[in-house]
Each structure stands twice: as C-alpha cells, then as structure tokens.
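Asks: pasting the sequence and the predicted coordinates here, then a few questions.
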Amino acid sequence: MPEVDLAIIGAGPAGMAAAAAAAGGGARVLILDEQPRAGGQIYRNLGAGDDARAYLGPDYFAGRALIAALDGAGIRAEFGATVWRVEPGGRVVWSQGGKSHMATARHVLLAGGAQERPTPFPGWTLPGVMPAGAAQILMKTSGLLPRDAVLAGCGPLLYLIAAQLIEAGAPPRALVETQTPAAMLGAMRHLPGAFAAFPMLFKGVRLIARIVAAGVARHTGASGFNASPTGDGGIVFSFRTGRRAHQLQTPLLLTHQGVVPSTHISRAAGVAHEWNAAQQAFQPKTDDWGATDVNGIHVAGDGAGIGGAEAAQAAGRLAAFDILYRLGRWSADARNQRAAADRAALRRAWAIRPFLDCAYAPAPEILAPEGDTIVCRCEEITAAQIRQSYAEGAIGPRQVKTATRAGMGHCQGRMCDLTTRGILASCGAAPAAPRARSPIKPVTLGELAALAAHQETSS
C-alpha cells in the first residue's frame with residue numbers, strides 16, 4: 001500500500017494547482033481522477049486534437065500550464081481511477097482497471113468540483129433532451145457539435161456554449177432563459193462589488209454581444225417548460241414568456257440551471273456541510289484554507305462552493321500551502337506570505353458571485369417540480385409520489401428513499417437528492433443535513449473480495 005503526504009481527488013483546476021504547489025514544497029503527492037486525462041470539466045481533454053477545437057476559446061486552452069505541471073517531480077497521477085471510499089486516517093480506496101487499489105495519505109484534498117443542477121420538467125427524460133454541460137463534454141472529447149439546438153435555462157454556461165457553437169459554425173436555434181427582469185434588477189445592488197472582477201464581467205458582456213450579433217433568438221423570463229416527442233425523433237419544446245405561449249421544434253434541447261458542489265465524497269467522509277442560500281445547494285464547511293472539521297481533510301474548488309476556474313486554482317494552492325504547514329515543511333509565516341497573491345486572486349474571483357447568484361437564480365419550478373415530472377430518473381419516481389410520501393409521514397430524504405426508492409438507483413442520489421430536498425422544503429419540511437455512505441460509486445463484489453484478500457495478505 002503506497003504512502004504519500006497528500007492524496008488529491010480530482011484533477012481539475014483546484015486539484016492540479018494544489019498538486020503542483022504541494023510537490024513544489026517537497027510533498028509526495030498522489031492525484032486521482034476518473035477521467036482518462038487531467039483537466040476536469042473546464043479543461044477536459046485538453047491536448048488532444050486542440051487544433052480542431054479552436055472554437056472552444058482561449059479560456060479552455062489556458063489550462064495547458066496546469067496540466068504540464070503534473071509531470072513534475074513528486075507527483076504520481078492515476079487516471080481512470082474512481083475513488084469510492086475515503087477513510088479516517090487518510091486511507092483512500094479507488095477502482096481502476098477492474099481492480100480496487102488503496103493508498104494511505106497524511107492529508108487528503110477533495111477537489112471533485114461541481115455537477116450540473118438537475119433540471120426536471122415534463123419531458124426532460126426524453127431522447128434529445130440533455131444537460132448543456134453534457135453536450136459540452138461531447139464537444140471537448142469527441143468534437144461533436146449540437147446542431148440546431150435550443151439552449152434552455154439560465155446561467156453563464158449557456159452563453160459560453162452558445163458562443164462556442166456560433167464560432168464553430170453551428171449556432172443554436174434559440175436561447176430560452178428563465179431569468180427575469182426582476183431578478184436582473186435585484187442583482188444590480190451587487191454590481192458595484194462585481195466590478196472588482198471586471199475582466200469576468202466584460203467577458204460575459206462580450207459573449208452576449210456575440211450571440212446578439214449572430215442573430216440568435218433570445219426569450220427571457222421563460223417558464224412552464226415542457227418537452228414532447230415529434231414523429232421524426234425531434235423535440236417540441238413548449239414554454240411561456242409572460243402570457244405568451246411558445247413552441248420550438250428542435251432535434252436537441254440542452255438544459256441548464258447552474259452548477260452545484262459535488263459533495264458525495266465529502267459527505268461520506270463525515271465532513272460537516274451547510275446550506276448556501278444564494279447558490280441553493282449544500283457545501284462543505286471549511287476554513288479560509290479549505291480545512292474541514294475532519295482532521296486531515298481539506299476541500300478546494302467548486303466542490304466547496306461555486307466560484308469558477310480562477311477561484312478554484314487559487315483555493316487549491318491555498319489548501320496546499322496549509323497542508324505543507326501542517327506537514328511541518330513550512331512555517332506559518334512562510335505559508336501566510338506565499339498565500340497573499342492567491343488570497344487576492346480569490347477575492348477578485350468571488351467578487352462577481354453575488355451578482356451572478358442573484359441574476360441567474362434557478363427557477364422555483366425547477367427547484368421543486370410538481371405533478372408527473374420525473375425526479376428520480378433511475379427509479380422513475382415522480383414529484384407527485386414524493387409529495388405523497390411527505391403527506392404520509394416521510395419528512396426527510398431518507399424516509400422518502402424508504403417509501404419511494406428515490407435515490408436508490410445507480411447514481412445513488414446524485415441526480416435527484418437536491419430536487420427531492422427542494423420538494424420537501426416546498427412542502428414545509430425542515431432542512432436536513434445531507435449524508436452519504438461508502439462506496440461512493442458502484443463497485444463490484446469481486447473487487448471488494450480481492451481487496452479484502454489483499455488486506456489479509458498484507459497484514
């Protein structure tokens with residue numbers, strides 16, 4: 001069983017930045033990621049066929065230096081590695097190549113990033129309806145372009161994908177946006193503070209200008225999403241803007257309502273979590289260095305609160321500096337001095353979040369759907385069934401799971417837990433602290449048996 005100073009779970013911006021910083025301070029680093037190469041979602045597949053994907057823009061290619069730094073001394077990177085358990089004392093267990101492996105680390109950094117918020121509405125499970133982020137994954141990994149797509153929901157990612165598609169010669173048919181003029185007006189009180197992140201603000205303005213210049217239709221203040229199939233495999237997308245009803249026919253409907261921290265690993269590791277009302281999601285409780293209430297575990301990047309790639313890099317380095325201090329390799333003064341630049345970068349990156357969180361808040365009908373809208377895709381449990389279970393006494397997610405099987409499918413609740421909680425909250429239930437259990441990801445009995453045999457042989 002290999003022993004390292006720091007095990008990092010996730011090779012996105014936070015994990016890569018932390019690995020380089022920790023190794024630069026003399027720590028032995030193991031970085032694990034379930035993708036075939038480093039980059040996370042932001043820099044996914046960077047380095048493979050880059051010339052054919054110039055439409056992804058300069059921000060995508062900015063990750064090259066981070067990825068190259070993983071080749072430095074002191075860093076062991078394992079890809080195709082799905083972490084399914086983090087134990088007290090720093091033991092990390094992962095599945096790779098059909099076998100389970102273990103390593104012991106003096107410190108563990110969780111840098112698993114974010115996941116797209118579920119976007120449930122009638123018809124969202126139909127073929128031809130998919131998350132916008134999933135479409136972007138196909139663009140980055142396979143060069144597949146969604147053509148004549150309708151982008152529906154809210155958030156800056158929709159603008160980015162629309163601009164990338166325009167640049168690639170496959171402009172979307174329309175943008176259908178749920179943010180309202182009232183939300184935008186309410187967000188204006190945060191605009192002065194957001195100017196500390198002026199480059200990011202300007203970037204957003206440029207994206208919108210590019211979409212307008214391309215003549216892409218935009219519908220704002222949209223609600224009442226509904227998708228139904230056509231006879232030729234397409235989608236009829238219905239929605240309202242005010243009192244006006246609309247229908248758009250498209251081969252592909254891409255939905256998005258922002259991203260939320262991916263917390264399954266931190267929850268299973270016993271880390272305390274708190275509700276972020278602005279981002280409508282749970283996130284781990286951390287200090288200014290990313291340290292949690294579980295000794296030896298830090299969290300950095302979007303997995304600790306949505307801040308974007310630049311904030312994730314700064315947070316990853318700050319966590320690494322603190323870990324070097326705890327390892328006894330740096331003094332507190334050295335840690336604090338090295339942290340000054342990243343503290344300033346983090347403040348700049350976070351300055352825009354209050355504005356974005358207010359302007360692009362997820363639609364209430366998405367947070368707490370009603371009727372026959374499917375909430376748990378794995379078990380095909382509807383919003384009405386969850387509401388009925390609450391009426392019959394299931395006042396928390398665990399009771400709902402027992403009553404309906406919502407959250408007991410292959411995804412283990414990753415795609416429905418937040419929506420289930422939203423429905424319960426709309427019914428009047430008190431918020432419950434989220435919990436998860438290992439194995440964090442599905443693992444075969446054969447792997448477990450082989451791992452147990454290996455432990456017995458080693459002991």
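Replies: Noted; the coordinates are in hand.

Asks: which helix or strand in this protein has the lowest average pLDDT?
Replies: Ranked by mean pLDDT, DSSP states H and E, the helix or strand of the chain with the weakest confidence is helix 445-458, at a mean of 70.

Asks: wait, is Trp94 part of a strand?
Replies: Yes. Assessed with DSSP: H, G, I helix; E, B strand; the rest coil, Trp94 lies in a strand.

Asks: give me the element Ala36 is part of.
Replies: I think there's a mix-up here, since residue 36 is Pro and not Ala. Using DSSP states H and E, Pro36 maps to neither a helix nor a strand.

Asks: swap in the one 4 residues further on?
Replies: Here Gly40 sits in a region with no helix or strand, counting by DSSP H and E.

Asks: which residues touch it?
Replies: Gly40 sits next to Gly10, Ala11, Gly12, Pro13, Gly15, Met16, Asp33, Gly113 when contact means Cβ atoms under 8 Å, 6 or more residues apart in numbering. Quick note: C-beta positions are derived from backbone N, CA and C, even for glycine.

Asks: neighbour-wise, which one of those residues leads?
Replies: The residue in the contacts of Gly40 with the most neighbours, by other Cβ atoms under 10 Å, is Gly15 (34 neighbours).

Asks: helices and strands around the biggest strand by length in the chain, which ones?
Replies: Across the chain, the longest stretch assigned as strand under DSSP state E is strand 99-110. Judged by 3 or more Cβ pairs under 8 Å, 6 or more residues apart in numbering; DSSP states H and E, strand 99-110 is in contact with strand 3-9, strand 82-86, strand 91-96, strand 297-299, helix 309-326, helix 445-458.

Asks: between these, which gets nearest to Arg106?
Replies: strand 3-9 (5.2 Å; Cβ to Cβ).

Asks: any idea how far the closest one is from the middle of the chain?
Replies: Averaged C-alpha coordinates place strand 3-9 at 22 Å from its chain's average position (Cα atoms, centre = their mean, to the nearest Å).

Asks: export whatever helix or strand comes next after that strand to CSV, keeping only CA atoms.
Replies: Using DSSP H and E, the helix or strand that directly follows strand 3-9 along the chain is helix 13-24. C-alpha atoms of helix 13-24 as CSV (Å, rounded to 0.1, in the frame of the first residue of the first chain):
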residue,chain,number,x,y,z
PRO,A,13,-8.2,23.4,-11.8
ALA,A,14,-8.1,23.1,-8.0
GLY,A,15,-6.5,19.6,-7.9
MET,A,16,-3.9,20.4,-10.5
ALA,A,17,-2.9,23.7,-8.9
ALA,A,18,-2.7,22.1,-5.4
ALA,A,19,-0.6,19.2,-6.7
ALA,A,20,2.0,21.5,-8.3
ALA,A,21,2.1,23.7,-5.2
ALA,A,22,2.4,20.8,-2.7
ALA,A,23,5.1,19.0,-4.8
GLY,A,24,7.0,22.3,-5.1
